[in-house]
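Student: The sequence and its predicted three-dimensional model are supplied below.
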Amino acid sequence: MRQLLEDMFRAAIAAADPAVILPGHLPPPPRGRTIVIGAGKAAASMALAVEKSWPGDLSGLVVTRYGHGAPCRRVEVVEASHPVPDAAGQAAAGRILDAVRGLSADDLVICLISGGGSALLSWPAEGLTLADKQAINKALLHSGAPISEMNIVRKHLSAIKGGRLALAAYPARVVTLIISDVPGDDPSVVASGPTVADASTFTQAREIVKRYAIKQPLAAHEYLERAQRETPKPGDPRLANNVVKVIATARNSIEAAGELARARGFLPVVLGDAIEGEARDVGAGHGAQVLELLRGPDIAGKRCVLLSGGETTVTVRGRGRGGRNAEYLLALAIALNGAPGVFALAGDTDGIDGSEKNAGAVIGPDTLARTIVKGFDPHAFLVDNDAYTIFESLNDLVFTGPTLTNVNDFRAIVIN
């Protein structure tokens, strides 16, 4: 069962491989120059796919997470910190802005965007510092806010996000290719939409900060209160000739995993590709669904796989280690309470679950029993946000290394 789960996970990742999916979405060459820019965990692999398929000259720069680079020759790759920005990311953002300024209407900008770009492409709004942005990102990551709301705040404290990068490139045509890691696949949310018109407002950003009690530096608070320059909104004529395409989504990857499951004799059932909420709550809810199915007639005699995607959140209250997928699985295991014939995997398709080096983990009917034998109280570890320690001790972590793509979380529950 573990092999089946890991094979489905790898099929999901393969369905979002830039080398396969990107070339067919490239525009024709322009009369003028072609500049490639981008940010995200898949930015370097996307740039490499462009280089291999582009018929003419090009140059540019993309920024990706440390360890997620690719051997590009014509597009420079800069590696920087994620999920908290650093000086390397800020310097790269400034250079990307410089690269697109002064272009003409005959020039083309190919912008390659994927998840993680919000932290990697960090250029603070006027009056803010890198230290301010680092503090804000840390507070957002611990707040429990969904990614869509976190990115509204980020956009309004930035000089490059929320469509502002596209304004810097005007009047050049901007074609943005996106690998989506956000529930719902809204292009303006992925990496905080640096080249996409933004419908959100300063008022919304202030409300989000208040709702989640997000502690922010004084300079950031004062900037949000002043609200001097809004992001470009839908319908802005300066963005009229631009093109935005989402080329890979969680739905595509879930369907690929479902096809593999069907070929192995399992009925795939999709629970959804945009599931949000606290990781432990989603895990407990999925556990309850499985127990209900086991009690009913719908799957009697059938082998099935429940598939889902999206992005859960973790409101950090403890001091333990563990990403959202590990926390989801520990809550799922507790809810299942050793239900026979049920196995599950949850992992991030970028290969990194939170800040650890594992992509995710797996559970089986014996997970709780083995945990107790190790001397761990699973409920206490869940309270302490320390699921990683349990799965590490059980040798049930899943490692892929950086996958160079990112369509968010993948979850599979096998009922055998």
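Tutor: Now that the structure is in, tell me what you want to look at.
Student: Quick one: low-confidence residue ranges for the protein.
Tutor: For the chain, the stretches with pLDDT under 70 are 299-301.
Student: okay, now the domains of it?
Tutor: The chain breaks down into these domains under automatic domain parsing: 31-248, 251-415.
Student: all strands for the stretch 1-150 of the chain, in order.
Tutor: Secondary structure of the stretch 1-150 of the chain (DSSP state E, counting those that start in this stretch): strands located at 34-39, 59-65, 75-80, 108-114.
Student: scratch that, the stretch 201-350 of the chain
Tutor: Under DSSP E, counting those that start in this stretch, the stretch 201-350 of the chain gives strands at 243-248, 267-275, 304-310, 342-348.
Student: residues in contact with the residue lying closest to residue 222 once chain neighbours are set aside?
Tutor: Among residues not flanking residue 222 along the chain, residue 127 sits closest, at 7.8 Å (CB to CB, 6 or more residues apart in numbering). For every residue, glycine as well, the C-beta is placed using N, CA and C. Contacts of residue 127 were listed using CB atoms under 8 Å, 6 or more residues apart in numbering, and they are 219, 222-223.
Student: Is it possible to get TSV of the residues you listed that adds distance to residue 229 and neighbour count?
Tutor: As requested, the contacts of residue 127 are arranged in TSV below (distance: CB to CB, whole Å; neighbours: other CB atoms under 10 Å):
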residue	distance to residue 229	neighbour count
219	16	17
222	14	12
223	10	22
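Student: Nearest to residue 181 among these?
Tutor: residue 223 (27.0 Å; CB to CB).
Student: do you know how far that closest one is from residue 130?
Tutor: Residue 223 is 15 Å from residue 130, where distance means CB to CB, to the nearest Å.
Student: which residues of the stretch 201-350 of the chain fall in helices?
Tutor: Counting by DSSP state H, counting those that start in this stretch, the stretch 201-350 of the chain has helices at residues 202-211, 218-226, 250-263, 279-295, 324-336.
Student: Next, the angle helix 202-211 makes with the shortest one.
Tutor: Relative orientation of helix 218-226 with respect to helix 202-211: 130 degrees, computed using axes from the mean of the first three to the mean of the last three CA atoms, to 10 degrees.
Student: Check the burial of residue 247 by counting its neighbours.
Tutor: Residues contacting residue 247 under the criterion other CB atoms under 10 Å number 18.
Student: ok, back up a step: output the strands of the stretch 1-150 of the chain as TSV; include the columns distance to residue 188 and mean neighbour count.
Tutor: Written out in TSV, the entries for those read as follows (distance: least, CB to CB, whole Å; neighbours: other CB atoms under 10 Å):
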stretch	distance to residue 188	mean neighbour count
strand 34-39	15	28
strand 59-65	20	26
strand 75-80	22	21
strand 108-114	11	29
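Student: With respect to residue 370, which of those lies nearest?
Tutor: Using CB to CB, the nearest of the strands of the stretch 1-150 of the chain to residue 370 is strand 59-65, at 32.9 Å.
Student: can you list contacts of the closest one?
Tutor: In contact with strand 59-65 (CB under 8 Å, 6+ apart) are residues 33-44, 46-47, 72, 74-82, 88-89, 92-93, 95-96, 99, 110, 112, 116, 120-121, 352, 402.
Student: Give the pairing partners of that strand; include direction for each.
Tutor: strand 34-39 (parallel), strand 75-80 (parallel) (DSSP bridges).
Student: Looking at the contacts of residue 127, which is nearest residue 19?
Tutor: residue 223 (40.6 Å).
Student: Who are the contact partners of that closest one?
Tutor: Listed by CB under 8 Å, 6+ apart, the contact set of residue 223 reads 125, 127-128, 157.
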